[in-house]
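Enquirer: coordinates only, sequence not included:
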């Protein structure tokens, strides 16, 4: 009976983290609204949703990396930058003016190649994910700025038309300001639905969590550990490429230097949302909540007069708290596992 209770507690921990993050979001939103009266305006809500699109897509990369390898993939911003640059320049050079889907497919192709490179090195040489992706980030940055000489680029017609299209536009009656939600929001929704279905309703998804929880046990259970890790890193590259094109069209120009530097905030968001540093635990729901919290901190504290510098202090504190929670979860899970093994050993000893 004690063992069952311990197991139940261990399973509920991520849900509790997500619940507390949700409560923090509600409290923070009410405080900002009470002090500024602007948080729940249609403009601000639309701007928050718009600001969440690219970080939320990046969060998928961070989630998949953590739950499958127990380590962060920090190369996704540079994969996004390089793949979107190649997609944009190829579109311009061949004079393509058709569907935006082809632009995304070009980016996804290069993203898959770069993600596959990460996966191959990790699987082949058993190097930590963090070290490998730090190294490839530097390689991709060198290729982007050195070999390809990336600089500010005006978008071709096919990308500009997609950038100007709006899924929803709202107008504030008091200020007269309008805000729009781009069609890239639908891409975010589509990705989350697909990843959710794969992780929760397929054998591949079970394998991803199993490998992150314990590679040896996953291998004994019949999962192809190396193929799963390789596949996850390749998919990460494709997802990052999609995020790169989304960011480019939302910016309405290509700026190579604006991609790097977002990885730590994204990683903090998914950890805050309940992803465990040691792997095997994490949900898309937690990713969304963690990303929303950090987006509110980054975008909305200015409404109550908090300067950009103090916002960085808040974000840094949240990163530390989120990491501490994840570390405590890992230690508690390890302790529960040891107690369970001790109880099982005691039962077997009594039987014999």
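Expert: Everything's here; your move. Please read these numbers as outputs of a predicted model, since none were measured by experiment.
Enquirer: nearest residue to residue 196 other than its sequence neighbours?
Expert: Of all residues not flanking residue 196 in the chain, residue 284 sits nearest, at 5.3 Å (C-beta to C-beta, 6 or more residues apart in numbering). C-beta: built from backbone N, CA, C; applies to glycine.
Enquirer: show me the contacts for the one you found.
Expert: Counting by C-beta atoms under 8 Å, 6 or more residues apart in numbering, residue 284 makes contact with 60, 63, 192, 195-196, 199.
Enquirer: Which one (most neighbours) among these?
Expert: residue 63 (28 neighbours; other C-beta atoms under 10 Å).
Enquirer: Check which helices and strands the strand or helix carrying residue 237 is in contact with.
Expert: For residue 237, the host element (DSSP states H and E) is helix 225-251. Secondary-structure packing of helix 225-251 (3 or more C-beta pairs under 8 Å, 6 or more residues apart in numbering; DSSP states H and E): helix 42-69, helix 76-93, helix 100-125, helix 157-164, helix 184-201, helix 203-213, helix 215-220.
Enquirer: Work out the gap between the next helix or strand after that helix and the centre of the chain.
Expert: For helix 225-251, the following helix or strand on the C-terminal side (DSSP H and E) is helix 263-272. Averaging C-alpha positions (C-alpha atoms, centre = their mean, to the nearest Å) puts helix 263-272 7 Å from its chain's average.
Enquirer: can you give me the offset of the following helix or strand past helix 263-272 from its chain's centre?
Expert: Using DSSP H and E, the helix or strand that follows helix 263-272 towards the C-terminus is helix 284-300. Per C-alpha atoms, centre = their mean, the displacement of helix 284-300 from the mean C-alpha position of its chain is 11 Å.
Enquirer: For the contacts of residue 284, give me TSV that also has pLDDT and distance to residue 317.
Expert: Listed next are the contacts of residue 284 as TSV, based on pLDDT from 0 to 100; distance: C-beta to C-beta, whole Å:
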residue	pLDDT	distance to residue 317
60	96	25
63	95	22
192	97	28
195	96	29
196	96	30
199	95	30
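Enquirer: from those, which is closest to residue 32?
Expert: Nearest to residue 32, judged by C-beta to C-beta, of the contacts of residue 284 is residue 192 at 25.8 Å.
Enquirer: Help me confirm that residue 144 comes into contact with residue 83.
Expert: No. With contact defined as C-beta atoms under 8 Å, residue 144 does not count as touching residue 83 (9.8 Å).
Enquirer: what about those two, which has more around it?
Expert: More crowded of residue 144 and residue 83, by other C-beta under 10 Å: residue 83, with 31 against 22.
Enquirer: any idea how far that one lies from residue 287?
Expert: 21 Å (C-beta to C-beta, to the nearest Å).
Enquirer: Please apply the same query to residue 296.
Expert: Counting by C-beta to C-beta, the gap from residue 296 to residue 287 is 15 Å.
Enquirer: More neighbours: which of those two?
Expert: Set residue 296 next to residue 287 and count neighbours by other C-beta under 10 Å: residue 287 wins out with 27 against 22.
Enquirer: How much space separates the nearest residue to the more buried one once chain neighbours are set aside from residue 288?
Expert: Once flanking residues are discounted, residue 287 sits nearest to residue 59: 4.1 Å by C-beta to C-beta, 6+ apart. Separation of residue 59 from residue 288 (C-beta to C-beta): 8 Å.
Enquirer: what residues do those two have in common as contacts?
Expert: Joint contacts of residue 59 and residue 288 (C-beta under 8 Å, 6+ apart) are residue 273.
Enquirer: quick one, what contacts the one residue sitting closest to the centre of the chain?
Expert: The centroid of the chain falls nearest to residue 59 when counting by C-alpha atoms, centre = their mean (0.7 Å). With contacts defined as C-beta under 8 Å, 6+ apart, the neighbours of residue 59 are 266, 269-270, 273, 287-288, 290-291.
Enquirer: Show me which of the residues you listed are buried.
Expert: 266, 269-270, 273, 287-288, 290-291 (16 or more other C-beta atoms under 10 Å).
Enquirer: which helix of the protein spans the most residues?
Expert: helix 308-351 (DSSP state H).
Enquirer: Between which two of the contacts of residue 59 is the distance greatest?
Expert: The farthest-apart pair in the contacts of residue 59, when distances are taken by C-beta to C-beta, is 266 and 288, at 12.3 Å.
Enquirer: Residue 154: neighbouring residues, count only.
Expert: 11.
Enquirer: Dihedrals phi and psi, it?
Expert: In terms of degrees, to the nearest 10, the main-chain angles of residue 154 are phi -80, psi 130.
Enquirer: For residue 248, see how far away it is.
Expert: In terms of C-beta to C-beta, residue 154 sits 11 Å off from residue 248.
Enquirer: any weak-confidence spans in this structure?
Expert: Within the chain, the stretches with pLDDT under 70 are 1-16, 326, 329-330, 337, 345, 347-349, 352.
Enquirer: let's see it at 80
Expert: Across the chain, the ranges flagged by pLDDT under 80 are 1-17, 173-177, 301-303, 305-312, 314-316, 318-319, 321-352.
Enquirer: Quick one: distance of stretch 238-252 to the chain centre.
Expert: 14 Å.
Enquirer: no no, stretch 250-262
Expert: 17 Å.
Enquirer: switch to numbering from 26
Expert: Understood, numbering begins at 26; the last thing we discussed is stretch 275-287.
Enquirer: How far does it stretch from one end to the other?
Expert: End-to-end distance for stretch 275-287, by C-alpha to C-alpha, to the nearest Å: 16 Å.
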